[in-house]
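Visitor: Predicted structure and sequence below. I'll ask about it afterward.
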Amino acid sequence: MTSDTAAEAGADADAHTKTEVGSWPQRLRRFGFAGHPRTDTRELLVPLFPEPGTRAGEFIGLSPVAAYRVAKAMGWIGPLLVTVLAAAIRFWNLGRPRSLVFDETYYAKDAWALLRLGYEGTWPDRKVADPQIVADPQVIPLSDAGSFVAHPPMGKWVIALGEWMFGLDPFGWRFMVALLGTLSVLMLCRIGRRLFRSTALGCLAGLLMAVDGLHFVMSRVALLDLIVMFFVLAAFGSLLVDRDRARARLAASLPVGADGFAGPDRHTGEQAGAGFRPWRVAAGVFLGLAAASKWNGLYFLAFFVVMTLLWDVGARRVAGARRPYLAVLRKDAGWSVLSVVPVALVAYLATWTGWFLTDKGYGRHWADDRGGLWSWIPAALRSLWHYESGVYDFNVGLHTPHPYDSSPWSWLVLGRPVAYSYETDFAQDGCRTADGCSQAVLALGTPLLWWSACFALLYLLHRWAMRRDWRAGAVLCAVAAGYLPWFQYQDRTIFSFYAVAFVPYLCLAVAMTVGALPGPPGAGERRRVSGTVAAGVLVLLIVWNFIWFFPVYTGETIPHASWYSRMWFDTWI
């Protein structure tokens, strides 16, 4: 199914929801008038997944029944195949480079401290500690004095799980991030399938993320941003499931006419209760864990709450509510907020359990024996608030110049990627050229994918503004939540790899645009053939582009000239 086909199936258009009972079109039928086919409001609320085709299975010799079963199973087989590809390239040679690259020097060591102490301890200067950690025999110079850190603990607990299984070495501290990066590809395939009602487009979105350079590199280093991306994507998927189930519940309560069709009903649209929504609670947990990994997860929480309320407005409008905003305010808003925001807060606080249960964590007893207006709040919570206020001041006041910091204006066009590691030496293993060789790990998105995404976002803006396509609005909302807040911190030291938080939605945008290239239903054969060829060529070029840059994503030893040929712009060096 193409994107436009799915759009027609999923659009919330009021024109198609009006019943024709007693209307002028019905009266004119006796004179030969043929109106538009009537659409069941239940299908408008919850568009059905199209029945899978069996032509391909029958072509390779399967019986119609077997071909149907295989086609039906492709909803999982396709995503799993894409995930296997993502896992193979992400776990390949994961321990290379054998060093603490970029901010791994903070997070890998803090994760080990959490594992051993329950809070972030103190390490010697990185120039002393880092060589000792990767040396053989290994020395771990950790002391139990609490240390001030700039980010909450959840992301470091995730990294610590890999270190618990494999030890404090490069594979150990990167394992869990690689696992989450792989699982996020599987989630995106399934999310895209649900969003577009198309297995092909869902798998395409997952494939695009599997071969995105930024997502790939961030899956192979122990930094926090991909962990934020994973939890946010899990929340986005949970909210999609919640949307479908809530609308199905609303559709089931609509009155059905004698002809078997359900039409809009004002009473149902305005008075039907939302009921318990466990997937929305799950989204609250995931958003709390995202914020507990890095605070930019809070922006996704705010944006997603608004987005889901607008989804509820659309559902009640289709169901027949004449005042859908008032109906949502009365029936949905309170429970929607309560099932997300307080849950997220509890999840956030739960990640600090190790700090609460110890005595030596930084600032743990700051509020002990302090009176004042807020003395009725437990001292541990006041101590945490004081600690977090210091973290906030540190983060917003971070203006230390860095050779790889960049303005968010340049992120989408890949103006200034971050080099996590770069070494050049005439004596490197495998180097056979007189000019020497290079080893680089460059956090650079696959250029053709990102540049295509710039145009795809414009297409989605059109779909959302002119066609009221909710799917385009959902993708744009997620991109905005991950991208726009950084513009208020342009004077702060920030990096382009923060954009990994919204990479999944760029891939969804490109997949939706590619799905539209063959044209809407009923398009001529020439349009469909040329559009399909263009879509295929674009996807193949993106895959080739990833393969071309693969050596500078993985720190392979390549001739210096080969490395330089991949630096398409001076700002990439």
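Guide: Sure, I can see it.

Visitor: Please make it C-alpha for all contacts and neighbour counts, starting now.
Guide: Noted.

Visitor: On the three-state scheme, the spatially most central residue of the chain is what?
Guide: Residue closest to the average C-alpha location in the chain (CA atoms, centre = their mean): residue 233, at 3.5 Å. Following DSSP: H, G, I helix; E, B strand; the rest coil, we place residue 233 in the helix state.

Visitor: what sits up against stretch 364-378?
Guide: Stretch 364-378 is contacted by residues 355-356, 358-359, 379-380, 382-384, 386 when judged by CA atoms under 8 Å, 6 or more residues apart in numbering.

Visitor: Out of these, who's the most crowded?
Guide: Using other CA atoms under 10 Å as the neighbour test, the contacts of stretch 364-378 are led by residue 355, with 23 neighbours.

Visitor: Tell me which residues touch the closest residue to it other than its chain neighbours, please.
Guide: The spatial neighbour of residue 355 that comes closest, neighbours along the chain excluded (CA to CA, 6 or more residues apart in numbering), is residue 119 at 5.3 Å. Listed by CA under 8 Å, 6+ apart, the contact set of residue 119 reads 113, 146, 354-355, 358, 360-361.

Visitor: How about residue 87?
Guide: Taking CA under 8 Å, 6+ apart as the test, what residue 87 contacts is 178-179, 182.

Visitor: Make JSON lines out of these and add distance to residue 74.
Guide: As requested, the contacts of residue 87 are exported to JSON lines (distance: CA to CA, whole Å):
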{"residue": "178", "distance to residue 74": "25"}
{"residue": "179", "distance to residue 74": "23"}
{"residue": "182", "distance to residue 74": "19"}
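
Visitor: Out of those, which sit inside helices?
Guide: 178-179, 182 (DSSP state H).

Visitor: what's the spacing between residue 104 and residue 110?
Guide: 9 Å (CA to CA, to the nearest Å).

Visitor: between the two, which one's more packed in?
Guide: residue 110 (27 against 21).

Visitor: Could you pull up the residues touching that one?
Guide: 120-121, 156.

Visitor: Could you pick out the buried ones from these?
Guide: Buried residues within these, defined by neighbour count using 16 or more other CA atoms under 10 Å: 120-121, 156.

Visitor: Poorly predicted segments of the stretch 251-400 of the chain, please.
Guide: 258-260 (pLDDT under 70).

Visitor: Let me see the ranges of the strands in the chain.
Guide: 418-425, 437-443, 558-559 (DSSP state E).

Visitor: out of these, nearest to residue 493?
Guide: With CA to CA as the measure, strand 418-425 is the member of the strands of the chain nearest residue 493 (12.7 Å).

Visitor: Quick one: work out the angle between that closest one and strand 437-443.
Guide: Here the directions of strand 418-425 and strand 437-443 differ by 170 degrees (axes from the mean of the first three to the mean of the last three CA atoms, to 10 degrees).

Visitor: Which secondary structure elements does strand 418-425 sit against?
Guide: strand 437-443 (3 or more CA pairs under 8 Å, 6 or more residues apart in numbering; DSSP states H and E).

Visitor: Who are the packing partners of the strand it packs on?
Guide: Going by 3+ CA pairs under 8 Å, 6+ apart, strand 437-443 lies up against helix 213-218, strand 418-425, helix 525-554, strand 558-559, helix 560-565.

Visitor: For residue 460, which of these is the nearest?
Guide: helix 525-554 (16.6 Å).

Visitor: average pLDDT across the closest one?
Guide: Mean per-residue pLDDT for helix 525-554: 95.

Visitor: report the angle between the axes of that helix and strand 437-443?
Guide: 120 degrees.

Visitor: starting at the chain centroid, how far to helix 525-554?
Guide: 22 Å (CA atoms, centre = their mean, to the nearest Å).

Visitor: just checking, what packs against it?
Guide: So helix 525-554, by 3+ CA pairs under 8 Å, 6+ apart, packs with helix 199-210, helix 213-218, strand 437-443, helix 447-467.
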